[in-house]
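J.: Have a look at this prediction, sequence included:
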Amino acid sequence: MLKFTLISRCADALPLAASMDNTVDSSFADPDKYKLQAKNIFKELSLNPPPRLLTITSGEYSFHLLTDQGVSYLTLCESKAPSYLAFAFLEDLHKEFQTLYGTELGKTERPYAFIKFDTFLQKTKKVYQDTRQKSNLSKLQGKFNPVKKSISDVLGWVKEDPVSQAVEMPPPAVLAGGGIALLILILMVMVYFFR
């Protein structure tokens, strides 16, 4: 259900903590694409404050985002998974994170300053993925009512994610002379923006 989790400061999109999931999930295609989307979501939402609860769909997955007290908690799940479980998970993270690090949030300057929070992240993730526990959590259904948007609505992309767009090569005649230098420059710019 839960693919990965990121925690970021709202004001400047500084990543504070993340789940360090070392297990290989063969059903999760292209995790780097979704991690890049998550970072871009945080950047966009630092400019445009989100509602407290937000679900962003991206293909067969959904980003669930809880924003409170200047911090955004984001997790990626399969779209078919119940969103109330994701939001209950994020609510638990929020409570523990604020208890442990609430007074330090404004002081930190380096990314992933609270990476040791991963231990709590992993323990909590196991609770929410245990099918026996899910039956107890069903009482949460209806408690969370997030705003729902698509990835293109949030990031302003017109048709598709630029990470997945293919680079079209110009015909060989265009590459003659200065065309090669221009192509190299374009490729360098693309690598810089999409890394």
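T.: Yep, it's here.
J.: What does Ile56 show for phi and psi?
T.: Backbone torsions of Ile56, given as degrees, to the nearest 10, read phi -120, psi 120.
J.: right, and it touches Leu65 too?
T.: Yes: counting by Cβ atoms under 8 Å, Ile56 does reach Leu65; the two are 6.9 Å apart. (C-beta placed from N, C-alpha, C; glycine too.)
J.: Mind listing the shared neighbours of the two?
T.: Ile41 (Cβ atoms under 8 Å, 6 or more residues apart in numbering).
J.: So if I had to pick from those two, which one is more boxed in?
T.: Each of Ile56 and Leu65 has its neighbours counted (other Cβ atoms under 10 Å); Leu65 has more, 29 against 26.
J.: Isn't that one up against Ala38?
T.: No: the criterion here is Cβ under 8 Å, and Leu65 misses it with Ala38 at 9.3 Å.
J.: Between those two, which contacts overlap?
T.: The contact lists of Leu65 and Ala38 share Leu74, where a contact means Cβ under 8 Å, 6+ apart.
J.: what's the closest residue to Glu109 other than its chain neighbours in contact with, if anything?
T.: With sequence-adjacent residues excluded and distances taken as Cβ to Cβ, 6 or more residues apart in numbering, Glu109 is closest to Leu14, at 7.9 Å. Taking Cβ under 8 Å, 6+ apart, we find Leu14 in contact with 8, 108-109, 111.
J.: any chance of those residues in JSON lines, plus pLDDT?
T.: Output for the contacts of Leu14, formatted as JSON lines (pLDDT from 0 to 100):
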{"residue": "Ser8", "pLDDT": "94"}
{"residue": "Thr108", "pLDDT": "90"}
{"residue": "Glu109", "pLDDT": "92"}
{"residue": "Pro111", "pLDDT": "93"}
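J.: Check the residues you listed and tell me the two furthest apart.
T.: Ser8 and Glu109 (14.1 Å; Cβ to Cβ).
J.: who's more crowded, these two?
T.: Between Ser8 and Glu109, counting by other Cβ under 10 Å, Ser8 is the more crowded of the two (26 against 7).
J.: element containing the closest residue to the more buried one other than its chain neighbours, please.
T.: Leaving out its chain neighbours, the residue that sits closest to Ser8 by Cβ to Cβ, 6+ apart is Phe42, at 4.4 Å. Counting by DSSP states H and E, the element that carries Phe42 is helix 31-47.
J.: Beta-bridge partners for Tyr67, please?
T.: Just to correct that, residue 67 is Thr rather than Tyr. Beta-bridge partners for Thr67, by DSSP bridges, are Ser72.
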